[in-house]
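*Asks:* Coordinates for the following, if possible.
(one chain, ligands or ions: 1)
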Amino acid sequence: MAKTATLNFDGNTYEFPVIKGTENELAIDIKTLRSSSGIVTIDPGFKNTGSCESAITFLDGEKGILRYRGYSIEELAEKADFLEVAYLLIFGELPNQEQLTSFHNDIKEESQVDEEMKKILDGFPKSAHPMGVLSSLTSALVAFNPTSVDVSSEKAMYHSIVRILAKFPVLVAWTLRKKKGLPLDYGDDTLGYVENIHKMMFKKPNQEYKKDTIAIDALDKLLILHADHEQNCSTSTVRIVGSSHAGLFASLSAGISALWGPLHGGANQAVLEMLEAIEADGGDTKKYMAKAKDKEDPFRLMGFGHRVYKNFDPRAKIIKKSADEVLGSLGIEDPILDIAKGLEKEALEDEYFVKRKLYPNVDFYSGIIYRALGIPTEMFTVMFALGRLPGWIAQWREMRLKGEPIGRPRQVYIGENLRSFVEVDKR
Ligand code: ACO
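*Replies:* This next block holds a predicted model:
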């Protein structure tokens with residue numbers, strides 16, 4: 001028999017259906033709460049609120065499980081490549097070879113960015129944060145691709161999707177090249193998706209591009225690990241902006257801004273800056289552990305804690321191993337890797353962190369790999385955005401295909417009651 005939840009309020013009883021997900025998660029369906037009772041729920045930070053039913057990503061924060069479309073993140077990180085994962089997330093199934101080739105060809109077909117876009121990029125100072133630049137350029141793309149807003153048919157929607165999958169890496173590469181003072185470059189259609197990204201980012205104007213398999217594989221894995229994470233801050237932003245039927249690119253631009261913050265994707269930059277500061281301060285991890293625990297001190301151990309994971313973030317485990325492998329293969333000895341490991345060890349044994357179930361998250365080790373690959377610290381969150389792109393697209397597509405209503409939360413007003421206007425000379 002279907003379960004229901006009962007609410008008793010003010011002498012009345014209200015019944016609400018309880019829905020069950022495929023992994024047995026339960027949720028009280030309160031769609032009729034306000035219309036039947038006149039009251040609303042309040043849940044700052046949406047800690048208890050499911051905003052949608054979604055078939056894309058499953059995560060169990062208590063058990064440390066993450067799956068895209070039913071496939072474990074561990075298996076995907078080991079066996080799949082980023083483009084396959086993008087297809088899986090967006091369309092629901094792993095592509096066969098023919099589907100993958102045709103998807104990639106469609107992307108290559110769209111991989112030019114209007115030359116006029118370079119003028120917009122030129123307008124930014126070199127010191128501009130790359131996340132602001134990327135968000136602006138992504139939004140500006142709408143002006144050069146106005147038909148991308150029309151997603152009234154599956155075909156039109158597919159066209160918008162391949163367009164952004166093609167052009168976004170070019171914008172990412174341009175953002176990096178601007179920062180480094182390198183000439184802007186286009187990719188090479190003969191290369192794989194991630195290999196091409198690597199080339200666009202790192203090719204020197206006076207040298208032949210040499211394929212760097214270690215770097216490309218590491219990048220591919222990091223992009224897969226970041227590809228989706230259900231209804232996080234930036235994804236919810238993409239869905240809510242998209243719910244007003246703003247176009248895909250505008251929705252993504254908003255998602256990039258949401259990702260920028262240090263409590264979300266910006267944590268990868270913050271982690272590295274924190275590790276560098278600890279190193280510069282003599283490597284005294286105990287001092288920083290004490291600061292993180294001191295409630296009078298705003299310092300937090302960046303890269304630790306997660307809204308959903310109350311156990312190891314499975315992505316952090318894979319990235320930690322990958323950091324060891326990549327640095328080992330490249331022959332890099334980075335003292336901040338030792339500081340990171342030292343902090344992790346201390347935190348995992350510390351009562352404050354144990355009691356609050358604070359574990360390393362995806363961003364704790366990712367910056368160490370990016371740094372080893374020659375990516376500047378300010379670009380780390382841009383790399384996160386590049387990885388998250390297919391997840392954002394998949395979530396936006398799911399929302400649009402389901403015809404979800406515009407996102408518009410309620411509030412509880414706690415301001416002044418009605419009062420009369422007082423002329424300025426009488427105030
Ligand atoms: N260092 C020290 N204390 C922490 C940390 C931390 N990194 N994270 C949480 N806490 C403490 C809080 O002070 C709070 O303590 P209290 O109960 O004594 O008040 C308790 O743990 C719970 O923390 P909240 O902030 O309530 O947890 P919330 O779910 O709101 O926040 C967040 C999660 C934002 C990720 C938080 O853990 C944090 O700020 N971490 C550092 C930033 C970071 O790494 N962000 C990346 C997240 S992953 C991602 O977005 C890709």
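*Asks:* check contacts around Gly242.
*Replies:* When contacts are counted by C-beta atoms under 8 Å, 6 or more residues apart in numbering, Gly242 touches 248, 251, 396, 399-400. For glycine as for every other residue, the C-beta is placed from the backbone atoms N, C-alpha and C.
*Asks:* Of all pairs in these, which one is the farthest apart?
*Replies:* Maximum pairwise distance in the contacts of Gly242, criterion C-beta to C-beta, is 10.9 Å, between Leu248 and Met399.
*Asks:* Looking at the two, which one has more neighbours?
*Replies:* Legend: neighbour count by other C-beta atoms under 10 Å for Leu248 and Met399, higher for Leu248 (27 against 21).
*Asks:* Now for that one: which residues touch it?
*Replies:* 148-149, 151, 160-161, 164, 242, 393, 396.
*Asks:* Same question for Pro205.
*Replies:* 182-183.
*Asks:* Same question for Pro314.
*Replies:* 64-66, 73-74.
*Asks:* about what we covered before: what two of the contacts of Leu248 have the greatest distance between them?
*Replies:* Val149 and Ile393 (14.7 Å).
*Asks:* Looking at the two, which one has more neighbours?
*Replies:* Neighbours per residue, other C-beta under 10 Å: of Val149 and Ile393, the larger number sits with Ile393, 26 against 16.
*Asks:* hmm, the helix or strand that the more buried one is a member of touching the ligand?
*Replies:* Using DSSP states H and E, Ile393 falls within helix 380-402. No - Helix 380-402 lies out of reach of the ligand by C-beta under 6 Å from any ligand atom, never closer than 7.2 Å.
*Asks:* got the residues of the stretch 251-400 of the chain near the ligand?
*Replies:* So far as C-beta under 6 Å from any ligand atom goes, the stretch 251-400 of the chain lies against the ligand at 263-265, 267, 292, 300-307, 356, 358, 361-363.
*Asks:* Quick one: buried ones out of those?
*Replies:* Neighbour counting by 16 or more other C-beta atoms under 10 Å classes 264-265, 267, 292, 300-306, 358, 361-363 among these as buried.
*Asks:* List just the nearest of the residues you listed to the ligand.
*Replies:* Distance to the ligand, by C-beta to the nearest ligand atom, is smallest for Gly305 among these, at 2.3 Å.
*Asks:* ok, Phe249 - contacts?
*Replies:* 138-139, 141-142, 145, 148, 160, 164.
*Asks:* if we go to 10 Å?
*Replies:* Each residue near Phe249 by C-beta atoms under 10 Å, 6 or more residues apart in numbering is listed here: 137-145, 148-149, 160, 163-164, 167-168.
*Asks:* Strands of the stretch 51-200 of the chain, start to end?
*Replies:* 57-60, 65-68, 71-72 (DSSP state E, counting those that start in this stretch).
*Asks:* next one: the shortest one to chain centre, how far?
*Replies:* The gap between the average C-alpha position of strand 71-72 and the chain average comes to 18 Å, counting by C-alpha atoms, centre = their mean, to the nearest Å.
*Asks:* need the helices for the stretch 301-427 of the chain, in chain order.
*Replies:* Counting by DSSP state H, counting those that start in this stretch, residue ranges of the helices within the stretch 301-427 of the chain are 314-330, 335-349, 351-355, 363-372, 380-402.
*Asks:* Name the residues of the helix holding Ile393 that are buried.
*Replies:* Of all the residues in helix 380-402, those buried under the rule 16+ other C-beta under 10 Å are 380-400.
*Asks:* closest to Val18 among the buried ones among the residues of the stretch 251-400 of the chain next to the ligand?
*Replies:* His306 (26.5 Å).
*Asks:* Correct me if wrong: that closest one contacts Lys357.
*Replies:* Yes - with contact defined as C-beta atoms under 10 Å, His306 and Lys357 form a contacting pair (9.0 Å).
*Asks:* Overlap in contacts, these two.
*Replies:* Joint contacts of His306 and Lys357 (C-beta under 10 Å, 6+ apart) are Gly61.
*Asks:* got the buried residues for the strand or helix carrying Ala290?
*Replies:* In the assignment (DSSP H and E), Ala290 maps to helix 285-293. Buried residues in helix 285-293, counted by 16+ other C-beta under 10 Å: 285, 288-289, 292-293.
*Asks:* Can you lay out those as CSV showing pLDDT?
*Replies:* Putting these into CSV (pLDDT from 0 to 100) gives the following:
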residue, pLDDT
Thr285, 91
Tyr288, 92
Met289, 93
Ala292, 94
Lys293, 94
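*Asks:* Could you save the residues you listed as CSV and add columns showing distance to Lys317?
*Replies:* Output for the buried residues of helix 285-293, formatted as CSV (distance: C-beta to C-beta, whole Å):
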residue, distance to Lys317
Thr285, 21
Tyr288, 23
Met289, 21
Ala292, 21
Lys293, 24
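*Asks:* where does the stretch 1-150 of the chain dip in pLDDT?
*Replies:* The stretch 1-150 of the chain contains residues with pLDDT under 70 at 1.
*Asks:* Which residue would be the closest one in it to the ligand?
*Replies:* For the stretch 1-150 of the chain, C-beta to the nearest ligand atom, closest residue to the ligand: Gly45, 6.1 Å.
*Asks:* Who are the packing partners of the longest helix belonging to the chain?
*Replies:* In the chain, taking DSSP state H as the definition, the longest helix is helix 154-180. Of the remaining helices and strands, those touching helix 154-180 by 3 or more C-beta pairs under 10 Å, 6 or more residues apart in numbering; DSSP states H and E are helix 82-91, helix 97-109, helix 117-122, helix 130-144, helix 193-202, helix 248-260, helix 380-402.
*Asks:* how far does that helix sit from the chain's center?
*Replies:* 16 Å.
*Asks:* ditto for stretch 4-18
*Replies:* Mean-position distance between stretch 4-18 and its chain equals 37 Å (C-alpha atoms, centre = their mean).
*Asks:* first to last residue in that stretch, what's the distance?
*Replies:* Taking C-alpha to C-alpha, to the nearest Å as the measure, stretch 4-18 stretches 5 Å from start to finish.
*Asks:* Quick one: residues contacting Pro372.
*Replies:* Residue 372: Ala, not Pro. Counting by C-beta under 10 Å, 6+ apart, Ala372 touches 214-215, 218, 323, 326-327, 329-330, 332, 334, 337.
*Asks:* Distance check, it against Leu275.
*Replies:* 13 Å (C-beta to C-beta, to the nearest Å).
*Asks:* Touching both of those two, which residues are there?
*Replies:* Common neighbours of Ala372 and Leu275 (C-beta under 10 Å, 6+ apart) are 334, 337.
*Asks:* Specify the strand with the largest residue count in the protein.
*Replies:* Taking DSSP state E as the criterion, the chain has its longest strand at strand 12-20.
*Asks:* What strands line up against that one, and which way round?
*Replies:* strand 4-9 (antiparallel), strand 26-28 (antiparallel) (DSSP bridges).
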